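A.B. asks: pasting the sequence and the predicted coordinates here, then a few questions.
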Protein chains: 4
Amino acid sequence: MNATIDTASVEPLKVGSHSLNSRLIVGTGKYSTYELMGEALERSGTDCITVAVRRERLIDAEGRNLLDAIDTSRYTLLPNTAGCFSAEDAVRVARLGREILLGLENPGASWVKLEVLSDTRTLLPDPVETVKATEQLVADGFEVLCYTSDDPVVARRLKNAGAASVMPAGSPIGSGQGILNPNNIRICLEYLKENDPDYPVIVDAGVGAASDVAAAMELGVDGVLLNTAIAHAQDPVTMADAMRHACIAGRQSYLSGRIPKRLYATASSPTEGVISLKKS
Amino acid sequence: MNATIDTASVEPLKVGSHSLNSRLIVGTGKYSTYELMGEALERSGTDCITVAVRRERLIDAEGRNLLDAIDTSRYTLLPNTAGCFSAEDAVRVARLGREILLGLENPGASWVKLEVLSDTRTLLPDPVETVKATEQLVADGFEVLCYTSDDPVVARRLKNAGAASVMPAGSPIGSGQGILNPNNIRICLEYLKENDPDYPVIVDAGVGAASDVAAAMELGVDGVLLNTAIAHAQDPVTMADAMRHACIAGRQSYLSGRIPKRLYATASSPTEGVISLKKS
Amino acid sequence: MNATIDTASVEPLKVGSHSLNSRLIVGTGKYSTYELMGEALERSGTDCITVAVRRERLIDAEGRNLLDAIDTSRYTLLPNTAGCFSAEDAVRVARLGREILLGLENPGASWVKLEVLSDTRTLLPDPVETVKATEQLVADGFEVLCYTSDDPVVARRLKNAGAASVMPAGSPIGSGQGILNPNNIRICLEYLKENDPDYPVIVDAGVGAASDVAAAMELGVDGVLLNTAIAHAQDPVTMADAMRHACIAGRQSYLSGRIPKRLYATASSPTEGVISLKKS
Amino acid sequence: MNATIDTASVEPLKVGSHSLNSRLIVGTGKYSTYELMGEALERSGTDCITVAVRRERLIDAEGRNLLDAIDTSRYTLLPNTAGCFSAEDAVRVARLGREILLGLENPGASWVKLEVLSDTRTLLPDPVETVKATEQLVADGFEVLCYTSDDPVVARRLKNAGAASVMPAGSPIGSGQGILNPNNIRICLEYLKENDPDYPVIVDAGVGAASDVAAAMELGVDGVLLNTAIAHAQDPVTMADAMRHACIAGRQSYLSGRIPKRLYATASSPTEGVISLKKS
């Protein structure tokens, strides 16, 4: 299968005790049917999917369990705490997820994607509660992947609290705006990878199109996690394939050492030759 | 070979009498060696490469002919008029290219990538001379692919003059700035594809990284032509692979119907809920 | 009047034989009433207003003549060829404008703002016809201020054809998108001011808000011409005042030598300290 | 003095018990001399200046006290906790500032600009410590103006903790990058002004040029606080004047109701008329 061949050209992404062949992690929410979800996941080339632990998200309208619809031998499951609005709630849900995955003997029992949201309108993460929950879950033995804003200081606090990965948002969940503040992502990378270049930083949320994934990877992040951009595209399956290619493209582009930006090719900087300051 | 499998997932690009499996057209200049060039071309997945006809560009420092270094059975050659600064010169060079390719019995003899530049500093195209040269070359039986600025009115004039494809620059040649003015590319598409949706529009010049290629394709252009971004990357071969993936990703992303951009997911527009105008 | 005091703090703008105290030139179209127009013009601080010569634009619904509504002792009139779609038409209209202003003994008779548009939908300028009309009007003794796209090569052709000022569009007329391609405006400035630093370059069209005017002036252009952004604002008179301040602000900001952009203050460049390229 | 006349055209900015005629608050650090600082402050049109309380910032190389160099009858002083890296330190410094200003019988004794930074390299604010310090200072009777990142959730926490004003950064202190994430500022405004439209939101940090100030004000923030952009400009006095005009321009532009952005004037949206999705 060509997806395998392709992703093999990029080195694995290591997060905690897990090693992933694809640098794209894909969500399982918002698909119109489980069948469509299954096809999109396959085409995305991912080997790690994230699943909301809350019961109302695990069971569809016809009473079918999401986990029955997924080939769990193929994907590493990453349980997440979507729908939690306090540290306390998130810790409880994370533990529940662990129980479920242990019951399935799924290796995803060891980790959790921590989401502690501030409100249902914007779905922005709450940094204070996220730090608190991280501390508790780390103490509890979890490998914690923290969804957070792009605030570099919060990102560093989360790493210091023991997070296995920090996952800054490119823009609000489901907004499709891509990476709104590359400057912040750069500082996050500087903070988180200082003397620790292999520490995994994953952009989570905000991606709208394939170019957003490529642009994120070109900043030097280690992976991208997305859901709505595929699930709500007009053609989710083709978009999943687009995201697969974009993630590889962005990683390779980052590793290849791009040409510098210039005003024009023979200028040595973007402002080369610009008319100098004229004083009155 | 997976490149073939991948590009097969995207429909062919038709320009004049030619049909291309890959939507990426790659230049042959600026590589440190012909061997490196050969490997990069292969990894790019392209089946169409553009070659400067001027003698000084066809022969390298060791006296080897570029055309001897290329497997011409594998690639369609697109001769170009790089280094021409007037319509007269460009027409002369285009005819010379046709002679050479006819001698090689190469199907590239039927077309030409027209470049008429304004000066050696910026390498920006000269619209007035480009229109003039297009008229002459069309009269001469060429299928003319016109490199031009992103000015939509010039683009339309070139189509009206008989161009087989119009190829607006994303930004200056070799500048690596990507698509500086997506608004202009959108209007170019509107002008050129009105009642003629299959008319091929190709972004030529300015691309720096894989995300630029994906972003260009997501605007709805039919292909991307690039050279420096691969040839001058620190690792041209890996960058070529990045560009291959990015071109497919961008095309699929465009075809898949991306999610709209919003201030946040539950807002119905980017400015939804923004505090309303407050009058003093 | 404070407008006078303020604008006096910025050196005059010289275009051909005219010297203007304000660097903002304001149009007279699209106002709901002449009274509102008059108040907005006054608040804008401008001393130069541009007037469409075509009869249907000079006479309002009640049969009143625009020129009767303007204090022509206060403003230098700049006749324009709005609504012309060929060089021939524009030249005819320019001559008509000269006749009218000569009849009024208005100094604006010596110059013209040349607009040759491509179509009524986008109102984009037609570069080929604009060059042609410029040549004829210069031969005819006009000081020609050329509205054109931001294509630097066309801009240079217009200067070479004898234009008294080149006026690149920031974005399409009435689009409110501001300066879409600062890179092109920079190259225009480099071309037009090379060995001729006082050559006037004016951004004409596309401005939507005060920050657009300031940003344009900060690029080093000599002035801004606008109409819709004031006339179609919800409160045109206050917006006129905003534009007056913004034009001064942008000029002063340009002259003051701004601080460089950095990733953060102690970084020596925007990419300072960013995690270095990691090869697999 | 025309600054007075000008700023009078904009309604006062109310923060806690203070009412300011200018919406620009200016810092006092980084000037080469106190004389230059004094002139720049005057030209900025501000009536509120912020002063670092730490001793090493109040006394210059010649042993002169900053407060002796400022006409404190003219400006409201806003003491700040620059140089503090923990809530504890910031609270201590805030109290010290109150003592000093009470001694001077300066009305600035009632408020404080709270800065709790994360490190000396990036000078980014620490949200967790800032929330903690805010709670303590509010309990202590201070009107607290909180410098923070643009994270909307932290901004709302600070308001809920009793902050008199929340002051999100446009970009890192001294970076000159302007407003990097207008989307976040919009959500901050939505959160902070919901059912409380007069709650003051002030952009603090990151401004580089006049257009940045205008653009910030056009988002609907109530004021801008800046320092480096003036103090480190090549000509601080002229830049101060630029900022004065830009702040007024941006406020008026916001209040005037700008025209919408469109692909071109006759399009009804930015994507109007764009070639529709083409499926293979």
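C.D. replies: Good, I have the coordinates. Residues are numbered from 1 along each chain as shown, chains lettered A, B, ... in the order given.

A.B. asks: what parts of the stretch 51-200 of chain A come near chain D?
C.D. replies: Contact residues, the stretch 51-200 of chain A versus chain D (C-beta under 8 Å from any C-beta of the partner chain): A:118, A:122, A:124-128, A:131, A:149, A:151-154, A:156-157, A:171-172, A:175, A:177, A:180-181, A:183-184, A:187. For every residue, glycine as well, the C-beta is placed using N, CA and C.

A.B. asks: got the residue ranges for the strands in the stretch 51-200 of chain A?
C.D. replies: Ranges of strands within the stretch 51-200 of chain A are A:76-80, A:111-114, A:143-148, A:165-168, based on DSSP state E, counting those that start in this stretch.

A.B. asks: one step back: quick check: which of the residues of the stretch 51-200 of chain A next to chain D are also close to chain B?
C.D. replies: Checking these against chain B (C-beta under 8 Å from any C-beta), the matches are A:122, A:124, A:172, A:175, A:177.

A.B. asks: how about JSON lines for the strands of the stretch 51-200 of chain A, with distance to residue A:225, mean pLDDT and mean neighbour count added?
C.D. replies: Output for the strands of the stretch 51-200 of chain A, formatted as JSON lines (distance: least, C-beta to C-beta, whole Å; pLDDT from 0 to 100; neighbours: other C-beta atoms under 10 Å in any protein chain shown):
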{"stretch": "strand A:76-80", "distance to residue A:225": "9", "mean pLDDT": "94", "mean neighbour count": "24"}
{"stretch": "strand A:111-114", "distance to residue A:225": "8", "mean pLDDT": "97", "mean neighbour count": "28"}
{"stretch": "strand A:143-148", "distance to residue A:225": "8", "mean pLDDT": "98", "mean neighbour count": "26"}
{"stretch": "strand A:165-168", "distance to residue A:225": "6", "mean pLDDT": "98", "mean neighbour count": "28"}
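
A.B. asks: dump the ones you listed into a markdown table; add distance to residue D:95 as well.
C.D. replies: Shown next, in a markdown table, are these (distance: least, C-beta to C-beta, whole Å):
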| stretch | distance to residue D:95 |
| --- | --- |
| strand A:76-80 | 44 |
| strand A:111-114 | 37 |
| strand A:143-148 | 33 |
| strand A:165-168 | 35 |
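
A.B. asks: closest one to chain C among those?
C.D. replies: strand A:165-168 (13.9 Å; C-beta to the nearest C-beta).

A.B. asks: for the spatially most central residue of chain A, give the beta-bridge partners.
C.D. replies: Centroid-nearest residue in chain A: residue A:225, 2.5 Å away (criterion: C-alpha atoms, centre = their mean). Bridge pairing for residue A:225 (DSSP bridges) gives the partners residue A:25, residue A:204.

A.B. asks: how about it, what does it touch?
C.D. replies: Applying C-beta atoms under 8 Å, 6 or more residues apart in numbering or on different chains to residue A:225 gives the contacts A:24-27, A:50, A:113, A:167, A:202-205.

A.B. asks: for it, give its distance to chain D.
C.D. replies: To chain D, residue A:225 is 19 Å away according to C-beta to the nearest C-beta, to the nearest Å.

A.B. asks: where's that residue relative to residue C:63, distance?
C.D. replies: Applying C-beta to C-beta, to the nearest Å, the value for residue A:225 to residue C:63 is 66 Å.
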